[in-house]
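**Student:** Next come a sequence and a model predicted from it.
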2 protein chains.
Amino acid sequence: MVNERSTTPPAFVLDLDGTLVDSVYQHVMAWRRALSDVGIPFSVWQVHRRIGMSGGLLVEAVSREAGKKLTDSESNKVKALHDMYYAENVETVSPLPGARELVSILVENGYKWAIATSGQLSDAKPMLELLDLSPSGTHLVTSDDVSAAKPDPQLFLAATALLGEAPTNVFVLGDSIWDMLAARRAGCIGIGLMSGGFSSAELMAAHAFRVYSDIEDFLKHVDELGIQFPVGTQPA
Amino acid sequence: MVNERSTTPPAFVLDLDGTLVDSVYQHVMAWRRALSDVGIPFSVWQVHRRIGMSGGLLVEAVSREAGKKLTDSESNKVKALHDMYYAENVETVSPLPGARELVSILVENGYKWAIATSGQLSDAKPMLELLDLSPSGTHLVTSDDVSAAKPDPQLFLAATALLGEAPTNVFVLGDSIWDMLAARRAGCIGIGLMSGGFSSAELMAAHAFRVYSDIEDFLKHVDELGIQFPVGTQPA
């Protein structure tokens, strides 16, 4: 069906937090409280700018910058505190505009697609439920599946392998500069979305090929990328 | 004292939230919950990008974009809900790096300075306490003092008038594009700070003359602006 006009239909790898669901700021506040609890009082915006990398890497990066070496036990404590604080506000998380519509278009038109997240499977599950998706019925790659999450390219390489697709034929949709860097390193084309609070200029500087406000805005402009979704599927 | 070498010492007008205290993200989450409660489910990043304008203007802007006309009573309800949700997390707000040091330098060296905030006096008071300042002992202009807050220039014009200073001789330090726009309109020089989560490019595009990470970073680079704080007062 996707082959009606184009000979090489693209595949899609989608980030989860900040791309499909509106959860970035809740994660930011949870990390900030957790870090503060172990004596690393980072400014909130500095935590925000590190969101999208794996939790382990974030804790390591922030503690290195604060000049404080955390033990494994302290690092695990920060992660556990984050999970606890995030859970307190998880009911305020909702799907981002256009997320459900994009998934429907991809499914109904037979495109290959996957979700690749720096979070763990246990974090991803409730977010997938918000989108009426199940982990078993979705091509999903989480940090549990690889030895290093974003900005390492492993997550995106695993996702493209799962789809049996060449990375160069894959659009990665993500909201953070870490998605864009990992996409570059994997050989995919990064499409930046401002829905996680990174600005257009930051995403472009991280080699996003195009930047849109959110997936709804992306769906209105797919022709700029040579993507040929069937007429009538795009938002007005 | 400030006249030792320079013939025209500059004056300083400082924004409060996101500039002196690390409160932007708490305000963002509080506005988002309040708007959601009245049926305006804005994405969090879209609320973030409107932070720094007055609360009334933010509610008006967001409801206009959502295509929903709020009554005065609904608008007041949103503001009351915001205040309630913000109060729940106010204990997580702390001074931003360099804020206290800048105030000390200004006071000890006889510079003219004021604080100008889009918030109300009741919001500003607890934030000033965090900085060991009192409303009565500080040149303070709040939205209670003017008929329109940022990005209208009235707040900065009122602050420069309070200091008896020509706007062109005033550096405005702020973290939002609304600070930069209001500074331009007032005839002041806007200095952008990334501590509220706006990016360097956004602040430069809004005519910041220079952008720094936060006040601590600004203090390290005042010579780029021809500001001659006494040697030894700047952070290492």
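**Tutor:** That came through fine. Quick caveat: nothing in here was measured; it's all calculated off a predicted structure.
**Student:** Low-confidence stretches in chain A?
**Tutor:** Along chain A, the parts satisfying pLDDT under 70 run over A:1-7, A:234, A:236.
**Student:** all helices of it, in order?
**Tutor:** Counting by DSSP state H, chain A has helices at residues A:24-37, A:44-48, A:55-65, A:72-89, A:99-108, A:121-130, A:154-163, A:177-186, A:200-205, A:215-220.
**Student:** tell me the angle the longest one makes with helix A:55-65.
**Tutor:** So the one you mean is helix A:72-89. 120 degrees (axes from the mean of the first three to the mean of the last three Cα atoms, to 10 degrees).
**Student:** Going by contacts, tell me the helices and strands next to helix A:72-89.
**Tutor:** helix A:24-37, helix A:55-65 (3 or more Cβ pairs under 8 Å, 6 or more residues apart in numbering or on different chains; DSSP states H and E). No exception for glycine: its C-beta is placed from N, CA and C like everyone else's.
**Student:** can you give me how far that helix is from the chain middle?
**Tutor:** Put simply, helix A:72-89 sits 20 Å off its chain's centre (Cα atoms, centre = their mean, to the nearest Å).
**Student:** Bridge partners for residue A:191, pull those for me.
**Tutor:** Assessed by DSSP bridges, residue A:191 has beta-bridge partners residue A:173, residue A:210.
**Student:** Pull the contacting residues for it.
**Tutor:** A:171-174, A:208-212, A:218, A:225 (Cβ atoms under 8 Å, 6 or more residues apart in numbering or on different chains).
**Student:** Mind picking the two most distant members of these?
**Tutor:** Within these, A:174 and A:225 form the most distant pair, 14.6 Å apart (Cβ to Cβ).
**Student:** ok, those two, which is more surrounded?
**Tutor:** The neighbour count for residue A:174 versus residue A:225, taken as other Cβ atoms under 10 Å in any protein chain shown, is higher for residue A:174 (34 against 14).
**Student:** what about residue A:46, distance to chain B?
**Tutor:** 8 Å (Cβ to the nearest Cβ, to the nearest Å).
**Student:** and the contacts of residue A:191, which are buried?
**Tutor:** A:171-174, A:208-212, A:218 (16 or more other Cβ atoms under 10 Å in any protein chain shown).
**Student:** next one: stretch A:105-118 to chain centre, how far?
**Tutor:** Worked out by Cα atoms, centre = their mean, stretch A:105-118 lies 13 Å from the chain centre.
**Student:** wait, stretch A:38-57
**Tutor:** On Cα atoms, centre = their mean, the centre of stretch A:38-57 falls 16 Å from that of its chain.
**Student:** buried residues in that stretch?
**Tutor:** Buried, per 16+ other Cβ under 10 Å, within stretch A:38-57: A:38, A:40, A:42-57.
**Student:** Which member of the contacts of residue A:191 is positioned nearest chain B?
**Tutor:** residue A:211 (11.6 Å; Cβ to the nearest Cβ).
**Student:** In contact with the closest residue to the closest one other than its chain neighbours: list those residues for me.
**Tutor:** If the residues on either side of it in the chain are set aside, residue A:211 comes closest to residue A:192, at 4.0 Å by Cβ to Cβ, 6 or more residues apart in numbering or on different chains. Each residue near residue A:192 by Cβ under 8 Å, 6+ apart is listed here: A:174-175, A:179-180, A:198, A:200, A:203-204, A:206, A:208, A:210-212.
**Student:** Could you do residue A:153 as well?
**Tutor:** A:182-183, A:185-187.
**Student:** can you do 7 Å?
**Tutor:** Residues near residue A:153 by Cβ atoms under 7 Å, 6 or more residues apart in numbering or on different chains: A:182, A:185-186.
**Student:** Chain B versus that one, what's the distance?
**Tutor:** 25 Å.
**Student:** Kindly list the main-chain dihedrals of that residue?
**Tutor:** Torsion angles at residue A:153 (phi, psi; degrees, to the nearest 10) stand at phi -80, psi -10.
**Student:** what does chain A put close to chain B?
**Tutor:** A:22, A:24-25, A:28-29, A:33, A:41, A:43-45, A:48, A:92, A:94, A:96-97, A:194-197, A:199, A:201-202, A:214 (Cβ under 7 Å from any Cβ of the partner chain).
**Student:** that older thread, ok, and which of the helices and strands packed on helix A:72-89 has the densest surroundings?
**Tutor:** Mean neighbours per residue, mean count of other Cβ atoms under 10 Å in any protein chain shown, is largest over these for helix A:24-37, with a mean of 23.
**Student:** who touches the closest residue to chain B within chain A in this structure?
**Tutor:** In chain A, the residue found nearest to chain B is residue A:201; the distance is 3.1 Å by Cβ to the nearest Cβ. Neighbouring residues of residue A:201 by Cβ under 7 Å, 6+ apart: B:199, B:201-202.
**Student:** quick one: which of those residues is nearest chain A?
**Tutor:** Out of the contacts of residue A:201, the member with the shortest distance to chain A (by Cβ to the nearest Cβ) is residue B:201, at 3.1 Å.
**Student:** From residue B:208, how far out is that closest one?
**Tutor:** Distance of residue B:201 to residue B:208, computed by Cβ to Cβ, to the nearest Å: 10 Å.
**Student:** Equivalent analysis for residue A:192, please.
**Tutor:** To residue B:208, residue A:192 is 23 Å away according to Cβ to Cβ.
**Student:** Repeat that for residue A:150.
**Tutor:** For residue A:150, the distance to residue B:208 equals 30 Å [Cβ to Cβ].
**Student:** Same check on residue A:233?
**Tutor:** In terms of Cβ to Cβ, residue A:233 sits 41 Å off from residue B:208.
**Student:** Report the residue ranges of every domain in chain A.
**Tutor:** A:11-23+A:93-225, A:25-92 (automatic domain parsing).
**Student:** and the ones you listed, which is most packed in?
**Tutor:** domain A:11-23+A:93-225 (a mean of 21).
**Student:** Work out the gap between stretch A:28-44 and the centre of the chain.
**Tutor:** With Cα atoms, centre = their mean, you get 22 Å for stretch A:28-44.
**Student:** Residues contacting it, please?
**Tutor:** Against stretch A:28-44 from outside (Cβ under 7 Å, 6+ apart): A:47-48, A:51, A:58, A:62-63, A:66, A:68, A:74, A:77-78, A:81-82, A:85-86, B:22, B:24-25, B:29, B:92, B:94, B:96-97, B:195, B:214.
**Student:** That stretch spans what distance, first to last residue?
**Tutor:** Stretch A:28-44 has an end-to-end distance of 7 Å (criterion: Cα to Cα, to the nearest Å).
**Student:** With stretch A:61-78 instead?
**Tutor:** 13 Å.
**Student:** Give me the contact list for that stretch.
**Tutor:** A:34-35, A:38, A:40, A:42, A:50, A:59.
**Student:** Let me know the closest of the residues you listed to residue B:163.
**Tutor:** Nearest member of these to residue B:163, counting by Cβ to Cβ, is residue A:42, at 33.6 Å.
**Student:** What separation is there between that closest one and residue A:59?
**Tutor:** 11 Å.
**Student:** ok, residue A:176 - contacts?
**Tutor:** A:18, A:51-52, A:196, A:198.
**Student:** I'd like a version of those residues in a markdown table, one that adds distance to residue B:124 as further columns.
**Tutor:** A markdown table is the format used below for the contacts of residue A:176 (distance: Cβ to Cβ, whole Å):
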| residue | distance to residue B:124 |
| --- | --- |
| A:18 | 32 |
| A:51 | 29 |
| A:52 | 34 |
| A:196 | 30 |
| A:198 | 30 |
